[in-house]
Structures are given as structure tokens and as C-alpha cells.
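Trainee: I need the structure of the sequence given here:
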Amino acid sequence: MWRVKSLDAILATAEKKSLHRSLGPVQLTLLGVGAIIGTGIFVLTAAAAQKAGPGMMWSFVIAGAVCAFAALCYSELASMVPVSGSAYTYSYAVMGELLAWMVGWALILEYAVAASAVSAGWSGYFLGLIENALGFQWPELLRQGPAWSMNGWMPVADFSHGIVNVPAIVVALAVTSLLVVGTTESATVNAALVAIKVTALTVFVALALPVLKTGNFSPFAPNGWFGPAGTTGMGIVGAAASIFFAYVGFDAVSTAAEETKNPQRNVPIGLIGSLGICTVFYLLVAAGAIGAMGAQPVLGADGSAVQPGSAAFVAACALPANKEVLVCSNEALAHVLRQINFPVIGNLLGLAANLALPSVILMMIYGQTRIFFVMARDGLLPEKLASIHPKFKTPHIVTMVTGVFVAIAAAFFPVGQLADISNSGTLFAFFMVSIAVMVLRVKDPHRPRPFKTPLLWVVAPVALIGCAVLYFNLPVEAMAVLPIWGAIGLVIYFAYGHRKSHVGRGLTEVPELAADAPAGPVPPMPGAPAPGSKEERD
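Mentor: Numbers count the residues shown, from 1 in each chain. Below is the predicted model of the structure:
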């Protein structure tokens, strides 16, 4: 289970087709800004405010800093192994099959649950738009799933305020259908959607900041840095663990290292530049939202701090006095504009979110299915999952399975809790990448590195510590999901993947080879048992 996939075999992929180095620092920075700005800032502002109040401005800084350190580690491996599979492939080449499986399994949690979170977030903006612009009232029990709380280590659902989030199901299944038939975004459409997102946020800042009231920033940290005693996932650091979701997407920069001129200089400029720009942008948006109408958390019936999405939180938001506060809104930014007498522009911002967010769902589900696909072609999952549709030429089985999972999660869980669960998988994957880059520096110091992480022995440990701190400041239910999910993954690995692994069977197949690579039988590695022999079966 500690066997590794040959890095030279993986790199044969890159040698199949050389990419033209054309991207400079400005193009990389803009690429990163477009990939990062999205669901998190549109959707999670209210959840962050419930955890940290106005102190969520520090949360954006903390999350952005941790992401920057992890991104620098990620970039070195991405430049060395510019093929499919992301952190899963890097871990396979460096730390062995078992840890690679765990990383791939965590990435499934990251991408699929993130798609569910975006679907639930899209639902909030969709319902706000049709109710405020069209006057149509969606049935109360079909606009959100149940509220969840923990009874010890057991989750308990409260269906009194909602049963199922129907719009979230519709958008998740619609995007899945598009992926099955092979419809993906063109570069032009993606650029237009990025422009819509950035324009919407710019208009929000321009309208909200002039009406800022300094009194709305006090008290600045009502739940402190780590939340009141006896709580988890609250306070400024708890909000940073949730807000981390708003920064994921920087891998668009790191995976472009092979197409970058002078990557040693331009990749860190693109990474730090895009993360820096997005952090400033996020701080301006947060300041506008807080200053315009305040962002104080609502309290439970007993006066205690409550988690967003919990039964106590839903009950508090149902009170007439709290119905219009920021933290209770499912479309926070549009809600702020309506409250400061810009209802039409608020509706237009809601429309912008409705147009832009499905593209994020598409890319999340796409990324999830491709991780599944690579793992199946490595033999770690049933290869039936890697089946290609005869007409559409897409991995239709794994795409449909993923889409159903995404729709179910979006239907029954609130966006904030889904984002926290997704972050648990992301933080684990980044943690492992930070280890992998240090291990590879020791094991193979002379291998060419188009990009080398600067001050690696400072940057990587800081990334490790940052990811660990944020993970342990997630809500207890989000922390619990990762080990439970991991245990399920280990059962599947030892029951199936350990025996069926191509590397374990001595096959030199390179799953990530381009589609135009010559087909043919895969030869065994020298000294490996013959396929079908007793030794091979054992």
C-alpha cells in the first residue's frame, strides 16, 4: 500500500504534447481572480457574519494567507507533474498508493460537497429574485432542507421550517445533464461570466460603502477569536475556516505553470497577486455589507451563540425582529442593496448570481468526475465507472452518480454547513500536498522544477499549521465527516482497490495519456507476475 506510481511514467504525459509558454504575470493574475471570485463571497457572507460579526474582515485575511502558503506548495508539484488528477496524482508519485487514495477520496468530498454548497447558494438567490422581482411566493417548506444540530455525535434534523430545497435539486440535476451530453463552457462564455461576477461585486461596493456607518462595526468581535467557551467553529478563526471556501480556485494558476513564461517568477506573482486582489475585494465587500446594515449575530433562545444552519439559528431567524438582519439572509449582497433603497440593482445582482453560479457548479462536478475517472483508470475504483458514453463520449456513469449525490446533499443541508464539510476535504488535501512537496525535495532534489516554492522549509510548515488550525476550528459535525468519510474510503480501498490497483499488478499504464496516444496492450513491469497467473492474483 506504500507503492508509488513512477513519476517518470506520469511525466510521459507531459512529453506527449508540449504546451506553448505564453502566459505572463498579468494574464496569470487575471486568470486567478476569475477562478477565485465566485460562490464564497456571494453566499457565505451571512454565515461568516453569524460566526464572527464584523470581525469576519479578519477572517478573510486569515483564510487568504493560509491559502497563499498552500498555493505555493501546490504550484511546485503542479509544475513538475502537469497532468490530470491534481493532489491525488502528486501524492501517488511521492507518498504512495494508500495516502494517494486518501487524498483522492478527500478530493471527492471537496468537489462534490462544494457543488452541493453552490447549488444551495444559487437557490437562495433564485428564490430572492423571483419573490422580489416577480412577486411569486415559493412554498415555505420547499425552499430549504431541515435544520441540523448535534445531539452528542449524532446529527438531528428539524423539519419544522423546511423539508427539501427543490430549486437546488433542479439546478444540480440540470448541470449534471449538461455534463453527460458533453456541454462545457467555452472560454468566451467563461470570460463573460467572470466579467458579470466582478461587475456585480464592484457595483455593490460602489453603492454600499458611501452609506457606511462606523457604529455598525461595534462590537467588532462579538464571539471573540475562537468563539464562546463550549462552542466549536465560531469566532473569527471559525469564520476563517468557512471563508476558506471563497478562495479555492487558485489551482487555475498553479496548473498553468507549464504554459507560463518564466514560471519561477510569474507563478508566485500570479498566485499572490490574485489572492491579494481577491482579499482586498472581499474586504471591501465585507466592509460595505457591515457598514450599510450591520452584521451582528443572532442569539439562541437562551442568549447563546448559535451555528448558522442549526435548528436554534433557524428558530432565531424566524422571529419577526430578526427576519431582515444580514445573517439570516440567503442572498446577503442582494438583500443589503434592497435594504439601502436600491431594490432594482439588488435584483440585478441576484440575476448576476443566478447566471454565474451554475458555471461554478459545472466546474465542481466536472472536477469531481475527473478525479473519480482517474482513480477508476488506475484500478482503485471499478473500471466500469470510467466507461465512456458511445454517443456523447463522456464518463456518463460517474457523472450521473455524482450529480445525484450533489442534488441530495443540496436538498437537505444548508449552504454554510455544506461549505464547512467541503473545506474539511480541501484542507486535508492541501495538508498532504504541503507534506509531499517537502518529501520530494528530500527524495528527488535534482529533478527539474519549473517552479520552486520559495523558502520551502518555512512556507510548507506554515501551510501545514494553517490548514490544521482551520480544520480544528470547523464545527464539530464538519470535522467528524472527514474521518467517517475516510473510514468508508479505507474499507473500499482494502476490499477492492488494494487488489485491483494497476501499479500493484505491475502495469505501467499511464492513465493520464492524451486521447490520441496509441492504444494497445499494456506490458507488465520487468519482473512482475504475468497477468492472470496465480502470483498476479495473490
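
Trainee: would you list every one of the helices in the stretch 351-500 of the chain?
Mentor: Listed in chain order, the helices found in the stretch 351-500 of the chain under DSSP state H, counting those that start in this stretch are 396-412, 415-443, 456-471, 476-492, 498-500.

Trainee: Name the residues that touch stretch 285-297?
Mentor: Defining contact as C-beta atoms under 8 Å, 6 or more residues apart in numbering, one finds that stretch 285-297 is touched by 41, 45, 48-51, 53-54, 56-57, 60, 201, 204-205, 207-209, 211-214, 216-217, 219, 222-223, 305-306, 325-327, 332-333, 336, 339-340. Bear in mind the C-beta positions are built from the backbone N, C-alpha and C, glycine included.

Trainee: Can you tell me which of the helices of the stretch 351-500 of the chain is most buried?
Mentor: Across these, the average number of neighbours (mean count of other C-beta atoms under 10 Å) peaks for helix 415-443, which reaches a mean of 24.

Trainee: Name the helix or strand of the chain that has the lowest mean pLDDT.
Mentor: Using mean pLDDT, DSSP states H and E, helix 534-537 stands out as the lowest-scoring helix or strand of the chain, at a mean of 46.

Trainee: For residue 356, see how far away residue 431 is.
Mentor: 30 Å (C-beta to C-beta, to the nearest Å).

Trainee: next one: residue 281
Mentor: Distance of residue 281 to residue 356, computed by C-beta to C-beta: 15 Å.

Trainee: Same question for residue 97.
Mentor: Counting by C-beta to C-beta, the gap from residue 97 to residue 356 is 38 Å.

Trainee: Stretch 274-294: which residues count as buried?
Mentor: Neighbour counts over stretch 274-294 (16 or more other C-beta atoms under 10 Å) mark 274-275, 277-279, 281-294 as buried.

Trainee: Pull the distance from it to the chain's centre.
Mentor: Relative to the centre of its chain, stretch 274-294 is centred 20 Å away, using C-alpha atoms, centre = their mean, to the nearest Å.

Trainee: elements contacting whichever helix in the chain runs longest?
Mentor: Secondary structure assigned by DSSP state H gives helix 97-133 as the longest helix of the chain. Applying 3 or more C-beta pairs under 8 Å, 6 or more residues apart in numbering; DSSP states H and E, one finds that helix 97-133 contacts helix 39-43, helix 86-94, helix 166-180, helix 332-339, helix 343-377, helix 396-412, helix 415-443, helix 476-492.

Trainee: hmm, back to that, of the helices of the stretch 351-500 of the chain, which shows the lowest average pLDDT?
Mentor: Sorting the helices of the stretch 351-500 of the chain by mean pLDDT places helix 498-500 lowest, at a mean of 84.

Trainee: Would you mind stating the distance between residue 196 and residue 266?
Mentor: 27 Å.

Trainee: Please apply the same query to residue 236.
Mentor: From residue 236 over to residue 266 (counting by C-beta to C-beta), the distance is 33 Å.

Trainee: surely residue 274 meets residue 25?
Mentor: No: at 10.2 Å, residue 274 and residue 25 do not qualify as touching, with contact defined as C-beta atoms under 8 Å.

Trainee: pull the CA atoms of stretch 329-341 into CSV?
Mentor: Extracted in CSV, the C-alpha atoms of stretch 329-341 (Å, rounded to 0.1, in the frame of the first residue of the first chain):
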residue,chain,number,x,y,z
SER,A,329,-30.5,36.3,4.5
ASN,A,330,-29.9,33.6,1.9
GLU,A,331,-28.9,36.2,-0.6
ALA,A,332,-26.8,38.5,1.5
LEU,A,333,-25.5,41.0,-1.0
ALA,A,334,-28.7,41.5,-2.9
HIS,A,335,-30.5,41.8,0.5
VAL,A,336,-28.1,44.6,1.5
LEU,A,337,-28.8,46.6,-1.7
ARG,A,338,-32.6,46.3,-1.2
GLN,A,339,-32.2,47.5,2.4
ILE,A,340,-30.4,50.6,1.4
ASN,A,341,-33.0,51.5,-1.2
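
Trainee: quick one: which of residue 236 and residue 266 has more around it?
Mentor: residue 236 (27 against 24; other C-beta atoms under 10 Å).
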